[in-house]
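>>> fold the following, please.
(one chain, ligands or ions: 1)
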Amino acid sequence: MTRTVPLFLEGRFVDSEASEWIDVTNPATDEVIARAPVTTDDEMARAIASAKAAQKAWADVSVSERARYVMRYQALLKEHHDQLAGILAEETGKTFADAKGDVWRGIEVVEHAMGVPTHLMGEAMAQVAGGVDTTSWTEPLGVCAGITPFNFPAMIPLWMYPLAVACGNSFVLKPSEQDPLTPMRLAELWQEAGFPDGLLQIVHGRKEQVDTLLTHPDIKAVSFVGSAHVGQHIYRTASDHLKRVQCMVGAKNHSVVMPDANREQTVNALVGAACGAAGQRCMAISVVVLVGEETRDWVDDLKAAFEKTRPGVTGDSGAAYGPLISRAAKERVERIIGTAESEGASLLLDGRGYQVDGYPDGYWVGPTLIDNVTAAMSCYREEIFGPVLNVVHVDTLDEAIEFVNANPYGNGTSIFSDSGAAVRKYRRECEVGQIGVNIPIPVPLPFFSFTGGKGSFYGDLHAYGKDAVRFYTETKTVIERWFESDIPDGHGPNMTINLG
Ligand code: NAD
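Numbers count the residues shown, from 1 in each chain. Next up, the predicted model:
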């Protein structure tokens, strides 16, 4: 049955007055399972106004009390972990295990937000000058906004609003229109945790609704996760409207494999990192750089492992991954695979036209392995976002580093090797923001920040961890002196910039 996705407006779940609606499909069946509203201008204005009003009172709630709300939320998320994963799997097509992982990585960020009293502690120093003390205080910004992508509908919204609100802000979330049901369930649990009305608002829609958030004077900060093209628009527009902005965007992640790496472990890791979530991860490994003549025949092992990997529906325990998110995404991935041979690469395994028994309308793409790829080819230049691994051959580690650094993106990379010296060289010389050593997908836990770099990130402060605490707060510094006496004889006004 087709459900109508409500707005979370002014503390209530309400049906939108929208005249335009967006279909949400089950990617394994192509069935429309829900429709999401294109939020009206009036509803957008109400969401922002209500968030602004709620934030004023919230900033006066003690920080330990705010932390207790987050603790209740964390407990509810854990209690409903399976249910959330079920909703998520239906609208994304992910395997149940992967859907649970998506929710879990979000819960971990909520757990980090529970420590907000410690995170918000400022700095203090007595006697920085004669009779002068200095303290720094962390204050909330006001109303923050978040715009999130389809590929992690639990984890990425949870990167944002729990911590932003714990820091004393309110939040307007515009989740992906392709899978809004998971964020709405997250919001129901938020309400159940008892947060005061209006601290979290959820609106739906596309560019027009996002642009309202980017340009509205009451939105103080914007967090965005999505494609590079859209991220550039978000960064430029929100900055132009003098907002704080962080944009975590597209990627092309390389794994460098040295001849001394553990062959079986490496091949196994690469299959999961390339095909997991159907390759629809910003940290997916989409390029393997094999170093040296000795690694040439590792391609045979990769091919054999890819051949054993297959997609399937959520309940199929043998399925390694699910369908792509949409028909358009499948067609795009198939188009890029289609350029490989004509541009000179070797298409060792072709996932186009893949069929899963009983699900003829699903957006399936089979595991795809492309060998002898060069930097000029379309399959290398474009972010494929599908279960596709490009294989590049180089002779030395220096060449591998040069190849990786020439790529405009810098979200994540990994190196597989037994040599400390090679690993250390790679860690120091590659220009990528997150590096795995014998770990294919180096996504840090939330006490660190998600430090994707170069063309994969626009902004200064990254998602979650210490960076995010700073992103969602303003630092206020107080320099104070208390007079113990009147001005001694001979001392007039101080005309220098010294504190004295
Ligand atoms: P997308 O850019 O198409 O959409 C992201 C969000 O932006 C959605 O909410 C969408 O409604 C909105 N949007 C779309 N077009 C817009 C426009 N013209 N103006 C304003 N808003 C617009 O991204 P997607 O396809 O949902 O997600 C996949 C992309 O996200 C990939 O490129 C992936 O690498 C990236 N991603 C990056 C990270 C990271 O941390 N770097 C994490 C996850 C995903």
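>>> every contact and neighbour count from this point should use C-alpha atoms.
Noted.
>>> so which strand or helix has the closest residue to the ligand within the stretch 1-150 of the chain?
Closest to the ligand within the stretch 1-150 of the chain is residue 149: 3.4 Å, counting by Cα to the nearest ligand atom. Residue 149 is part of no helix or strand, with elements assigned from DSSP states H and E.
>>> could you number the chain from 39 rather than 1 from now on?
Happy to do that; since the first residue is 39 now, the last one works out to residue 187.
>>> and the gap between it and residue 529?
The spacing between residue 187 and residue 529, counted by Cα to Cα, to the nearest Å, is 63 Å.
>>> between those two, who's got more neighbours?
Taking neighbours as other Cα atoms under 10 Å, residue 187 and residue 529 compare with residue 187 leading, 19 against 7.
>>> are we agreed that residue 232 is in a strand?
No. Residue 232 is assigned coil when assessed by DSSP: H, G, I helix; E, B strand; the rest coil, not a strand.
>>> how about it: what's its closest non-neighbour residue?
residue 107 (7.0 Å; Cα to Cα, 6 or more residues apart in numbering).
>>> does residue 439 sit in a helix, a strand or a coil?
Put simply, residue 439 is helix when judged by three-state DSSP.
>>> quick check, it in contact with residue 463.
No. Here residue 439 lies out of contact with residue 463, judged by Cα atoms under 8 Å, at a distance of 9.2 Å.
>>> give me the more crowded residue out of these two.
residue 439 (19 against 13).
>>> check contacts around the more buried one.
Residues in contact with residue 439 (Cα atoms under 8 Å, 6 or more residues apart in numbering) are 464, 467, 468.
>>> pick the one among those residues closest to residue 534.
residue 467 (45.8 Å; Cα to Cα).
>>> spatially nearest residue to the closest one (excluding sequence neighbours)?
residue 439 (7.0 Å).
>>> from residue 329, how far off is that neighbour?
For residue 439 relative to residue 329 (Cα to Cα), the value is 10 Å.
>>> could you do residue 240 as well?
Where residue 329 is concerned, residue 240 sits at a distance of 48 Å (Cα to Cα).
>>> the more surrounded of the two?
Neighbours per residue, other Cα under 10 Å: of residue 240 and residue 329, the larger number sits with residue 240, 26 against 22.
>>> quick check: that one touching residue 50?
No. Here residue 240 does not reach residue 50: they are 10.1 Å apart, not a contact under Cα under 8 Å.
>>> show me the contacts for residue 422.
Residue 422 neighbours (Cα under 8 Å, 6+ apart): 324, 371, 374.
>>> where's residue 305, which helix or strand?
Per DSSP H and E: helix 301-313 holds residue 305.
>>> coming back round to it: can I assume the residue nearest to residue 232 sits in a helix?
Yes. Secondary structure of residue 107, determined by three-state DSSP: located in a helix.
>>> so what's it up against?
Applying Cα under 8 Å, 6+ apart, the residues contacting residue 107 are 231, 232, 233.
>>> tell me the SS of residue 99?
Relying on three-state DSSP, one would call residue 99 coil.
>>> so what's the residue count around it?
Residue 99 has 12 nearby residues by other Cα under 10 Å.
>>> do the same with residue 338
11.
>>> quick one, the host helix or strand of it and helix 301-313 angle?
Assigned by DSSP H and E, residue 338 belongs to helix 336-345. Orientation check (axes from the mean of the first three to the mean of the last three Cα atoms, to 10 degrees): helix 336-345 against helix 301-313 gives 50 degrees.
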